[in-house]
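A predicted structure for the sequence below; I have some questions about it.
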Amino acid sequence: MINNLGYQKNLFILPFDHRSSFAKLFGFTGENLAPEQKETITGAKEIIYEAFKKAVEQGIPKDQAAILVDEEYGNNIIKDAIKNNFSVILTTEKSGQEEFSFEYGDDFAQHIEKYKPAIVKALVRYFPNSNYDELKTLSDFCHEKGYKFLVEVLTENKTSLEAVAAIKLFQNLGIEPDIWKLEGMETEKEYLDIVTQAQIGDRQEVKVVILGRGETQETVEKWIITGAKVKGIIGFAVGRTIFWNPLTEYINGKIEKTKAAEMIGNNFLHFYNLFVNNN
């Protein structure tokens, strides 16, 4: 088994590594966006980053908070965050694909080494017969180089049975995340089943965070309140539920940039407080 597998602290992630969905938010179409369109998306991500920093100032422990962002639109954000000792999770997958593949192909390693993030992330859609060779390559690379590895799994039916089946499949393939980012569940028993599989064998320190998947605030609140009670669930990665409405209002000219950042930061703090108060 891999040395030092797992994660020791709570982890509260503000993910804004979305790419295709950001383009849709602004009404941009086509595979190749114009430079000014890319700048618009980058500007939106900078608002979210400002909100993240405000939330840390206002109470989320710095060593438990992290941003999850992409290189394409977040290069300057990543550099600034690392310079200021914020935890960065770097995404590696090509956006919008059914099967996991590297955004930068065979050059994936140099794009990770360029930043040396705290955690490396891969999003994968679970289909039992898919090819996960590149995910195995990434898992091996992360453990060889000393990066913590986070795998986000999206399942078709969003059940704990599917989540457990996915974890088991990846473990059998030698894909070994330190942290699983998984869909919210309705009951403690469902979360416990997931954590039990994640920590099977010599994986006792492997942990789970709850993803939001763009659900309503009320739904995500229920997931977090329930999950916070289960040992092995160490936090969440909630993005669109936190930033989508404020960004939309800003884009439509209803609020100023500073107000959007304030609202996003408050939403992030809200979910943090919900978790710790039920933990």
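Sure thing, it's come through. Numbers count the residues shown, from 1 in each chain.

can you map out the helices along this structure?
20-25, 35-57, 71-83, 108-115, 133-145, 160-172, 188-198, 217-227, 240-251, 257-278 (DSSP state H).

So which of the ones you listed is nearest Asn4?
helix 133-145 (8.7 Å; C-beta to C-beta). For glycine as for every other residue, the C-beta is placed from the backbone atoms N, C-alpha and C.

Do me a favour and average the pLDDT over the closest one.
For helix 133-145, mean pLDDT is 96.

So which bits of that helix are buried?
Glu134, Leu135, Leu138, Ser139, Phe141, Cys142, His143 (16 or more other C-beta atoms under 10 Å).

Go through these and name the one nearest Glu262.
Cys142 (35.5 Å).

ok, now how distant is the closest one from Trp223?
27 Å (C-beta to C-beta, to the nearest Å).

Kindly report the same for Arg240.
From Arg240 to Trp223 the distance is 14 Å (C-beta to C-beta).

can you tell me which residues contact the nearest residue to Phe243 once chain neighbours are set aside?
In space, and not counting its chain neighbours, Phe243 is closest to Ile264: 4.7 Å by C-beta to C-beta, 6 or more residues apart in numbering. Contact analysis of Ile264 by C-beta atoms under 8 Å, 6 or more residues apart in numbering lists Ile47, Ile48, Ala51, Ile242, Phe243, Pro246, Leu247.

on that earlier part again, look at Arg240 and Trp223 and report which has more neighbours.
Trp223 (23 against 18; other C-beta atoms under 10 Å).

chain center to stretch 68-75, what's the gap?
Remark: stretch 68-75 is offset 12 Å from the chain centroid, using C-alpha atoms, centre = their mean, to the nearest Å.

how about it: buried residues?
Neighbour counts using 16+ other C-beta under 10 Å place Leu68, Val69, Asp70, Glu71, Glu72, Tyr73, Gly74 of stretch 68-75 among the buried residues.

What is the nearest of those to Leu182?
The closest of the buried residues of stretch 68-75, once distances to Leu182 are taken by C-beta to C-beta, is Leu68, at 14.6 Å.

who does that closest one bridge with?
Pro15, Ile89 (DSSP bridges).

just checking, it touches His18?
No - judged on C-beta atoms under 8 Å, Leu68 makes no contact with His18 at a distance of 9.7 Å.

joint contacts of these two?
Joint contacts of Leu68 and His18 (C-beta under 8 Å, 6+ apart) are Gly239.

Val208 contacts Lys231, doesn't it?
No - with contact defined as C-beta under 8 Å, Val208 does not count as touching Lys231 (10.3 Å).

out of these two, which sits in the busier spot?
Val208 (27 against 11).

With distance to Tyr126 as new columns, can the buried residues of helix 133-145 be given to me in JSON lines?
Formatted as JSON lines, the buried residues of helix 133-145 follow (distance: C-beta to C-beta, whole Å):
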{"residue": "Glu134", "distance to Tyr126": "15"}
{"residue": "Leu135", "distance to Tyr126": "11"}
{"residue": "Leu138", "distance to Tyr126": "16"}
{"residue": "Ser139", "distance to Tyr126": "15"}
{"residue": "Phe141", "distance to Tyr126": "21"}
{"residue": "Cys142", "distance to Tyr126": "20"}
{"residue": "His143", "distance to Tyr126": "21"}
